[in-house]
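> 3D, please:
(2 chains)
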Number of protein chains: 2
Amino acid sequence: MQLTQSLHKALRECPASLATICGERRHTYAQLADRVARLAAVLQRVGVRRGDRVGMLGLNSDRYIEFLFGSLWAGAVLNPVNHRWSAAEITYSLDDCDCKVLLIDDAFVGLAPMLRERSKALVTLIHVGDMATPDGMLDYESQLASAQPVADAQRQGSDLAAVLYTGGTTGQPKGVMLSHDNLALDALATLAAAPRPSRSVALHVAPLFHVGGLCFVLQLALRLSCHVLLPGFDAARTLATIEREKIGESFMVPTMISLLLNHPDFPMRDLSSLGTLMYGAAPIDRALLEQALRLLPLTQLVQAYGQTEASPVVTILPGAYHCLDGALASKLGAAGRPVSTAEIRVIDDRGAERGVGEVGEICVRGPTIMLGYWNKPEQTASALRDGWLHSGDVGYLDADGFLYVVDRIKDMIITGGENVYSGEVENALMRHPALLMCAVIGLPDPVWGERVHAVAVRRPGADCGEADLIVHCRELIAGYKAPRSIEFRDELPLSGAGKILKYVLRDQARQQRGSV
Amino acid sequence: MQLTQSLHKALRECPASLATICGERRHTYAQLADRVARLAAVLQRVGVRRGDRVGMLGLNSDRYIEFLFGSLWAGAVLNPVNHRWSAAEITYSLDDCDCKVLLIDDAFVGLAPMLRERSKALVTLIHVGDMATPDGMLDYESQLASAQPVADAQRQGSDLAAVLYTGGTTGQPKGVMLSHDNLALDALATLAAAPRPSRSVALHVAPLFHVGGLCFVLQLALRLSCHVLLPGFDAARTLATIEREKIGESFMVPTMISLLLNHPDFPMRDLSSLGTLMYGAAPIDRALLEQALRLLPLTQLVQAYGQTEASPVVTILPGAYHCLDGALASKLGAAGRPVSTAEIRVIDDRGAERGVGEVGEICVRGPTIMLGYWNKPEQTASALRDGWLHSGDVGYLDADGFLYVVDRIKDMIITGGENVYSGEVENALMRHPALLMCAVIGLPDPVWGERVHAVAVRRPGADCGEADLIVHCRELIAGYKAPRSIEFRDELPLSGAGKILKYVLRDQARQQRGSV
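Numbering: from 1, shown residues only, chains lettered A, B, ... in the order given. Here you go, the predicted structure:
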């Protein structure tokens, strides 16, 4: 498959239909395709060749959609940058995949001098915004205006389409390489499992740099739908936009749904157009799910479970199972059934397959599994074994083929839909000279799903407080990764082999909460 | 993608669910997978290697499903044989693709000696049935019983999956080569465009050797559904089976729907389980469509338009457009909108693209387009130009992206869902010494959609009648291809270049009908 094909289709099937709505700007598919072909020309003019990476550091906007399709049209590979990362993390990811061209919007243009100074790869910066373009950068709109549209490079199939960076268990982000087929098949299989009408109007509030946001873009593109873009999630604006634009579907992380339902504007807004609300990227709280079912009776809720390495959808729990009574209600705690493209195997720690209801590591096989990690053959070999992606998640399949996710062996915390690897936070903490030992765990949080919590042991005689360590972390890693709370102890529970027993820490935290 | 993946999924997700129901025989997915892995062993034992063709000449049955998956599991390429063809046509197709192994059922085992004598390629015949196995043939069930299941050969992606023979405009059948990706993407895109529930129970009455039947098998396999098989279409049995097995979906050609609705048993049967009735392979009559909407109020009708070379689905007209009133009713005459994988371009006879509403040849591009015709580079080059399949159908796109098919430039007649190329019938007719000239056209038929009609000019002094010529044709080509009626004239309308003007003949036939 070819991710740009939807634009060619739209030019023939619905050139005058709206493709993007962003604030006051509205572009038809004919306009979007024209801008995409011009952006491709601009990229080629600054030296982008087939397979080169093109980055984008920006909030959601119609220009983000143009970046996605324009880069692919030029024959390039997408490198959407996580804008919540620190400059150090961003630089690492740009340099790791040798990303020479970066689009950067008004919200982040202030970071440009630092990125240029630190990055070895960066050559060209394109300012995508409405403010004045700083010296030394190209202005997006004037470049587009002066460009001659070029023909689609028609990369497709197993050609690399995107490098998506995810936090790593060992501290370094890893670039997940996904092909055109990987991403297109994910979108098609997700659509087949969670059907929605053609020519829909959809709202993007989840960040487009995330695989979840990107995948949602493609699910819409395949149906020649209209993308309505908000810069990011804001409950009041989201509610107002759903009402005003008669939004038919959206994708959110559970935290956003919680903020939406509990916002004072919620009862005043007409959300009856919202036919489908897909959610994923984090476990959802049962109480929140029940609230959503009560407050959004006209909306079918659809859960998607997956990970970047699987492009990302592995299972879907369709709308029909989102009910509190009846025969199907018993599946509400499941992550859903595997989509058509995903084959799931649950294994024990020696690789033997587990039976129905038996817990083990979830492994996934199929045509949406990543090509590998960019430039990391060892991590690739460890994640992909005999064609199976070892997800790092722990769960089981029931007798009806529903997957239940019970834990994550990758030691990852999901807070507000963002993955935080404990090891990365622990590495940052341990660079503080006062610490002897630490462990980072996720604690349940009603709004964020989980929040980052550290348990630390200070060196004898050392003197540092919770605030000192949090400030220390924020200099090294993204703010959302830094601990929200730190508990100091004299010692940590250790296994016979000297490994910190995190499950003991989690149990203790659970009991403390229970006794409050 | 990999067409056998659904079996691996089923073994983990629903091994105890029913996979096939054929008369009294019922097999679970665990049993089906076991039989498939044993059949693969049998095929490998008789010398089938990766990429070798394996044929099946038989009516629909659970063993046909086993043939499909077992051949692919063995690493082979499917060659489902059109059982309505003459021995000469079958021999041609077997030899053309060098098909050494043929499965043959009770209904056709009588043809075996003739095929063995005529075919240069055939080496091994496997008798699939309940009657005694003739000498010199292997018995399917005893072979399976003695085999040790082998591992899936895991062919996938662009690997060849099937060679499907279609009648040729020039008289010789052509083998359409379809890959695993071609067929799997077709099924996935069709599902996304015409959503149906997972774990469905479906009835096969259209022949499985046809691309339509094969594609329906795959749409079901992706959802781990249950295949209910009747040997072929029979209105009374179909009605009884829908009621008894609570069939949720089926695929039929319009002729079958007509026979179903007009059968005396129809009012006595409970068809309320039939959620979706997909139809295609031939144009549908407006009166029939209206009757179906009236008589099947609980069933969503879905039209699929396509051709073997496109794996086959190009457009889908979803259930919502099958209505007689309201805003959507105006699209009832359309073939539907292109599925996500299909890009449609309508061109004039010089290759220039036509505008909205302008009639021209329908060309299709996308990942379901065939790899080419087996061993026919010239015909392949003519059908596939710059990545576009030239369909031979004539139509236009409206402003909403709906395709309307108005004619077929390939000069093909579709009778009861079977394609008949006029050229092939004319070639057969002209081998009769009494004929000077002839033209074969399709005339509208209330049951078959179209019927084959010939207009012929006898040589001076020659004496032969309608019946003589029909018998003559039946010796050379399949019975359904032979003319149902022949009109004799003194001359045929010719163009300046001496070409027979078929549209004049069709117009005259239309006027004659109108005046009756």
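> could you use CA atoms for every contact and neighbour count after this?
Fine.
> domain ranges for chain A?
Per automatic domain parsing, the structural domains of chain A span A:5-306, A:413-515.
> lowest mean pLDDT across these, which one is that?
Looking at the domains of chain A, the lowest mean pLDDT belongs to domain A:413-515 (a mean of 85).
> mind listing what the closest residue to chain B within the stretch 401-516 of chain A touches?
When scored by Cα to the nearest Cα, the stretch 401-516 of chain A has residue A:401 as its residue closest to chain B, at 3.9 Å. Contact analysis of residue A:401 by Cα atoms under 8 Å, 6 or more residues apart in numbering or on different chains lists A:337-338, B:12-14.
> neighbouring contacts of stretch A:196-207?
For stretch A:196-207, contacts defined as Cα under 8 Å, 6+ apart pick out A:59-60, A:212-213, A:220, A:223-233, A:238, A:242, A:245-253, A:276, B:193.
> mind checking the SS state of residue A:16?
coil (DSSP: H, G, I helix; E, B strand; the rest coil).
> so it makes contact with residue A:30?
Yes: counting by Cα atoms under 8 Å, residue A:16 touches residue A:30, with 6.3 Å between them.
> higher neighbour count, those two?
residue A:30 (20 against 16; other Cα atoms under 10 Å in any protein chain shown).
> ok, the more buried one - contacts?
A:10-11, A:15-16.
> and with 6 Å instead?
A:11, A:15 (Cα atoms under 6 Å, 6 or more residues apart in numbering or on different chains).
> report the buried residues of the strand or helix carrying it.
Per DSSP states H and E: residue A:30 is located in helix A:29-45. In terms of neighbour count (16 or more other Cα atoms under 10 Å in any protein chain shown), helix A:29-45 has its buried residues at A:29-44.
> quick check, nearest of those residues to residue A:428?
residue A:43 (36.8 Å; Cα to Cα).
> that closest one and residue A:58, how far apart?
Distance, residue A:43 to residue A:58, by Cα to Cα, to the nearest Å: 17 Å.
> go on, residue A:133?
Taken as Cα to Cα, the span from residue A:133 to residue A:58 is 15 Å.
> repeat for residue A:490
44 Å.
> wait, does stretch A:155-165 contact chain B?
No: contact of stretch A:155-165 with chain B (Cα under 6 Å from any Cα of the partner chain) is absent, the minimum separation being 8.6 Å.
> how about the strands in the stretch 51-200 of chain A?
For the stretch 51-200 of chain A, the strands defined by DSSP state E, counting those that start in this stretch cover A:53-57, A:77-80, A:101-105, A:124-128, A:138-139, A:160-166, A:174-179.
> just put those strands in TSV and tack on mean neighbour count.
Conversion of the strands of the stretch 51-200 of chain A to TSV gives the following (neighbours: other Cα atoms under 10 Å in any protein chain shown):
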stretch	mean neighbour count
strand A:53-57	27
strand A:77-80	28
strand A:101-105	24
strand A:124-128	24
strand A:138-139	19
strand A:160-166	26
strand A:174-179	26
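> what's the closest of those to residue B:513?
Between these, strand A:174-179 lies closest to residue B:513; by Cα to Cα that is 56.9 Å.
> any idea of the angle that closest one forms with strand A:160-166?
160 degrees (axes from the mean of the first three to the mean of the last three Cα atoms, to 10 degrees).
> packing partners for strand A:174-179?
strand A:160-166, strand A:372-373 (3 or more Cα pairs under 6 Å, 6 or more residues apart in numbering or on different chains; DSSP states H and E).
> rerun at 10 Å
If you count contacts as 3 or more Cα pairs under 10 Å, 6 or more residues apart in numbering or on different chains; DSSP states H and E, strand A:174-179 packs onto strand A:77-80, helix A:87-96, strand A:160-166, strand A:372-373, helix A:377-383.
> distance from that strand to the middle of the chain?
Centroid displacement of strand A:174-179 relative to its chain, using Cα atoms, centre = their mean, to the nearest Å, is 13 Å.
> sheet-wise, list the partners of that strand with their directions.
Here strand A:174-179 is paired, per DSSP bridges, with strand A:160-166 (antiparallel), strand A:372-373 (antiparallel).
> how about residue A:174, what does it touch?
Contacts for residue A:174 (Cα atoms under 10 Å, 6 or more residues apart in numbering or on different chains) come out as A:92-93, A:96-97, A:163-168, A:372-376, A:379-380.
> which of those residues are buried?
Counted by 16+ other Cα under 10 Å, those give A:92-93, A:96-97, A:163-168, A:372-374, A:380 as buried.
> quick check: closest non-adjacent residue to the residue nearest the centre of chain A.
Centroid-nearest residue in chain A: residue A:210, 2.8 Å away (criterion: Cα atoms, centre = their mean). Distance criterion Cα to Cα, 6 or more residues apart in numbering or on different chains; nearest residue to residue A:210, sequence neighbours excluded, is residue A:82 at 7.3 Å.
> just give the number of residues close to that neighbour.
Quick note: residue A:82 (other Cα under 10 Å) scores 22 neighbours.
> for it, phi and psi?
phi -70, psi 110 (degrees, to the nearest 10).
> can you pull the contacts of it?
A:56-59, A:89-90, A:93, A:164-166, A:207-210, A:478.
> please apply the same query to residue A:71.
Counted by Cα under 10 Å, 6+ apart, residue A:71 has contacts A:4, A:36-37, A:39-44, A:48, A:50-55, A:77-79, A:152-153, A:161-162.
> if we use 8 Å, what do you get?
By Cα under 8 Å, 6+ apart, the neighbours of residue A:71 are A:39-40, A:43, A:54, A:77-78.
> cool, residue A:160 as well?
The contact partners of residue A:160, taken as Cα under 8 Å, 6+ apart, are A:51, A:77, A:177-180.
> residues in contact with the closest residue to residue A:145 other than its chain neighbours?
Nearest residue to residue A:145, sequence neighbours excluded (Cα to Cα, 6+ apart): residue A:38, at 7.8 Å. When contacts are counted by Cα under 8 Å, 6+ apart, residue A:38 touches A:70, A:144-145, A:147-150.
> distance of residue A:38 from chain B?
22 Å (Cα to the nearest Cα, to the nearest Å).
> where do the helices of the stretch 301-450 of chain A begin and end?
A:377-383, A:422-430 (DSSP state H, counting those that start in this stretch).
> near chain B, which residues of the stretch 101-250 of chain A?
For the stretch 101-250 of chain A, the contact set with chain B under Cα under 8 Å from any Cα of the partner chain comprises A:188-189, A:191-193, A:195, A:198, A:222-223.
> how about a cut-off of 6 Å?
Residues of the stretch 101-250 of chain A lying near chain B (Cα under 6 Å from any Cα): A:191-192, A:195, A:222.
> turn these into JSON lines, columns for neighbour count and distance to residue A:270.
Shown next, in JSON lines, are those (neighbours: other Cα atoms under 10 Å in any protein chain shown; distance: Cα to Cα, whole Å):
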{"residue": "A:191", "neighbour count": "25", "distance to residue A:270": "26"}
{"residue": "A:192", "neighbour count": "26", "distance to residue A:270": "28"}
{"residue": "A:195", "neighbour count": "20", "distance to residue A:270": "23"}
{"residue": "A:222", "neighbour count": "26", "distance to residue A:270": "28"}
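> would you reformat the residues you listed as CSV and include distance to residue B:484?
Shown next, in CSV, are these (distance: Cα to Cα, whole Å):
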residue, distance to residue B:484
A:191, 45
A:192, 43
A:195, 45
A:222, 45
